[in-house]
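Student: Provide a 3D model corresponding to the input given below.
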Amino acid sequence: MSALSELLQEANRRHPMSLRRRAAKIGDRISHATIGDYQRGQHAEHPDEVTLQALADAFDLEIADVQAAANVPVGAGPYQPPPEAARLSRRQQAAITELIMSMVEQGGSDGRQPGAEKSPEGDPPAPLTFRERRRRKAIEDAQPVDRAADSNEKQSDHEEEP
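Tutor: This is a model prediction of the structure:
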């Protein structure tokens, strides 16, 4: 049984309520079946933030307590980019968001999935996941483009050789 399940069971003992009522209480953001799975310990090893927040609300728990029980790093609240981020294009903002999501999913600072074993030195790098390829493409697309060099290339493509 996970620490998260134990926390939810303890909260349910203090304030008993049916699974359906708990789901209704939070506007069915997660189903009663999902709430039951989490109470019984039949859940993902790394639950997402939406689920954790819904569980906290359903059981009247502090989100930090639910995150700690789920072994999720407890942050200082939602990330707020600096005001200068407003200068970024939508494409650049999407790249930053994708980067953050990738970092959170990877878990560790070494870029490996949580619980993944490190390969011995000399092994070829592991193939990139779809998400990592997408993240890198978003970052690449967000890089400033040298418009002058770009237009020179287009002009030279259309010029005919004598």
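Student: can you pull out the helices in this protein?
Tutor: 3-14, 19-25, 32-40, 49-58, 63-69, 90-106, 130-142, 147-158 (DSSP state H).
Student: got those helices as CSV, with mean pLDDT columns?
Tutor: Supplementary listing: those in CSV, determined by pLDDT from 0 to 100:
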stretch, mean pLDDT
helix 3-14, 95
helix 19-25, 95
helix 32-40, 95
helix 49-58, 93
helix 63-69, 90
helix 90-106, 85
helix 130-142, 75
helix 147-158, 52
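Student: between the ones you listed, which one is closest to P83.
Tutor: When the helices of the chain are compared for distance to P83 using C-beta to C-beta, the nearest one is helix 90-106, at 13.3 Å. For the C-beta atoms, the positions are set from N, CA and C on the backbone; glycine is no exception.
Student: which strands and helices sit next to the closest one?
Tutor: Using 3 or more C-beta pairs under 8 Å, 6 or more residues apart in numbering; DSSP states H and E, the elements in contact with helix 90-106 are helix 130-142.
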